[in-house]
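**Q** output the structure for:
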Amino acid sequence: MIATDQISVLTNISAKLMNKRACVTLTCLYILSLVPLTRLYGQRTFRVMSYNVENLFDCEDDPIKDDQSFLPDGILRWTKGRYYQKLQQIAKVITAAGEWHTPALVGLCEVENDSTIIHLLNKTPLRQQDYRYCMTNSPDNRGIDVALLYQRDQFAYIEHQSIRIKFRKHPDKRSRDILRVSGKILSGDTLDVFVCHFPSRSGGEKATEADRMDAARMLRNTCDSLLLNRKNPQFIIMGDFNDTPSDKSIIHGIKTMSYPSDTTSAHSLYNLFSHSEQLAKPGSHKYQGEWAQLDQIIVTGTLLDSRNPMHLIPGSNRLFTPQFLFKTDKTYHGTRPFRTYYGYKYEGGYSDHLPLLVDFSLPLAP
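**A** This is a model prediction of the structure:
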């Protein structure tokens, strides 16, 4: 039998253990109370991709578009074999850019019509990713448009708008519309996404500058209207602007601020590729031996605030530069994008532009 004094000792030990456990439990509860709920439930990466895919045309003649070059009997000999190879290549880039998961949003420039996007999403490995899409139906003379692919489980579609650009100097000019798509993200907030392909520099950079300024002002006016109606404005603006981050259309037309910035304002727009020499070497496009950052992603200041449920992951704004997207530049040395066509010569590559990637952090739902 156990002596009375032994029982007393055991009782004291048991009481001390219970007190310690209670203390540990209370300490753990206190620590957990200091941790934001988003940390408890974890974070999800929301990846955004912008990609000018270089003339994704189907092989069918559209009588109201200038697509004669991209037909089997056209000057470029655009056959079904070449078309389907390009679809597979675009899918490869999107899949590779997603790493473990394909991007939540993919903005595409230079796509001809709905058929090309439907084929991309149904006749390539992307059919397993359950993407949906929106696109413009522009009066562009070249017959190209912009589109947004989105993952339904990460971006719940609300509405979209095709924004027609009016050119003051050239009232009859036809160009690509700006695409705006609004959707709900996992945090419950509304995210407004713009996909742009501003007028080209064909005819000279200075001679065409006013056209890009008109496009920039139209974009900015649309943003200003939305800023008045959004309690927590969250914009992602991406695409091929045919201007660099330091050009007038970007600085004075869209009115972007440089990133990184010492201070941020919720209603200001920040160009995540404004310091291209650090963030986007060598550039997204190469012309006559010179690289330039024509492709950019711009966001509202809300998306730079780490207190916002959705916010930028610092350092994630970058070019996507796997080796297979490059080719030796025999004319100007170094490398250049591995294009589909180099002039009229078929190369069988991917695009004359490099893709951009940006990652945002979002809380997982409890």
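
**Q** got phi/psi on residue 57?
**A** With angles defined as degrees, to the nearest 10, residue 57 sits at phi -110, psi 150.

**Q** I'd assumed residue 83 was in contact with it.
**A** Yes - using CB atoms under 8 Å, residue 57 is in contact with residue 83, at 7.4 Å. In short, each C-beta sits where N, CA and C put it, glycine included.

**Q** what about these two, which has more around it?
**A** residue 57 (25 against 18; other CB atoms under 10 Å).

**Q** in contact with the closest residue to the more buried one other than its chain neighbours, which residues?
**A** Excluding its sequence neighbours, the residue lying closest to residue 57 (CB to CB, 6 or more residues apart in numbering) is residue 70, at 3.6 Å. By CB atoms under 8 Å, 6 or more residues apart in numbering, the contact set of residue 70 is 55, 57, 58, 59, 76, 78, 112.

**Q** the same query, at a cut-off of 7 Å, please.
**A** Contacts for residue 70 (CB atoms under 7 Å, 6 or more residues apart in numbering) come out as 55, 57, 76, 78.

**Q** which SS class is the first one?
**A** Spelled out, that is residue 55. Following DSSP: H, G, I helix; E, B strand; the rest coil, residue 55 is assigned to strand.

**Q** any idea how far it is from residue 110?
**A** Using CB to CB, to the nearest Å, we find residue 55 at a distance of 5 Å from residue 110.

**Q** how about the last one?
**A** Using CB to CB, one obtains 14 Å as the distance from residue 78 to residue 110.

**Q** just to revisit the earlier point, phi, psi for the residue nearest to residue 57 please.
**A** Torsion angles, degrees, to the nearest 10, at residue 70: phi -100, psi 60.

**Q** pLDDT wise, what is it at?
**A** For residue 70, the pLDDT comes out at 96.

**Q** so which of the contacts of residue 70 is the closest to residue 104?
**A** The closest of the contacts of residue 70 to residue 104 turns out to be residue 55 (CB to CB; 25.7 Å).

**Q** list the contacts for the closest one?
**A** Neighbouring residues of residue 55 by CB under 7 Å, 6+ apart: 70, 110, 340.

**Q** ok, the second one - contacts?
**A** Residues counted as contacts of residue 110 (CB under 7 Å, 6+ apart) are 52, 53, 54, 55, 56, 144, 197.

**Q** nearest to residue 251 among these?
**A** For the contacts of residue 110, the residue nearest residue 251 by CB to CB is residue 197; the value is 19.2 Å.

**Q** mutual contacts of residue 78 and residue 110, please.
**A** Here residue 78 and residue 110 have no joint contacts, going by CB under 7 Å, 6+ apart.

**Q** phi, psi for residue 146 please.
**A** The phi/psi pair for residue 146 (degrees, to the nearest 10) reads phi -120, psi 160.

**Q** pLDDT score for it?
**A** pLDDT, residue 146: 99.

**Q** next up, the contacts around it.
**A** Residue 146 sits in contact with 107, 108, 109, 135, 136, 176, 179, 195, 196, 197, 239, where contact means CB under 7 Å, 6+ apart.

**Q** any idea how far it lies from residue 70?
**A** Taking CB to CB, one finds residue 146 at 17 Å from residue 70.

**Q** also residue 338?
**A** With distances taken as CB to CB, residue 338 is found 19 Å from residue 70.

**Q** tell me where the stretch 151-300 of the chain has strands.
**A** Along the stretch 151-300 of the chain, counting by DSSP state E, counting those that start in this stretch, strands occupy 156-163, 178-184, 190-197, 235-240, 256-258, 269-271, 285-287, 290-292, 295-300.

**Q** give me the next element, helix or strand, following the last one.
**A** Think strand 295-300. strand 311-312 (DSSP states H and E).

**Q** for residue 343, the count of nearby residues, please.
**A** 7.

**Q** typed the wrong thing, it's residue 118
**A** The tally of other residues near residue 118 (other CB under 10 Å) stands at 12.

**Q** same question, residue 353
**A** Other residues near residue 353 come to 23 when the count uses other CB under 10 Å.

**Q** tell me who's in contact with the closest residue to residue 175 other than its chain neighbours.
**A** Spatial nearest neighbour of residue 175, excluding adjacent residues (CB to CB, 6+ apart): residue 199 at 5.0 Å. By CB under 7 Å, 6+ apart, residue 199 lies in contact with 175, 208, 211, 212, 215, 242.

**Q** how does it look with 8 Å?
**A** Neighbour list for residue 199: 173, 175, 176, 208, 211, 212, 215, 242 [criterion: CB under 8 Å, 6+ apart].

**Q** point out the least confident one among the residues you listed.
**A** Within the contacts of residue 199, lowest confidence goes to residue 173 (92).

**Q** against residue 59, how distant is that residue?
**A** For residue 173, the distance to residue 59 equals 28 Å [CB to CB].

**Q** what of residue 289?
**A** In terms of CB to CB, residue 289 sits 33 Å off from residue 59.
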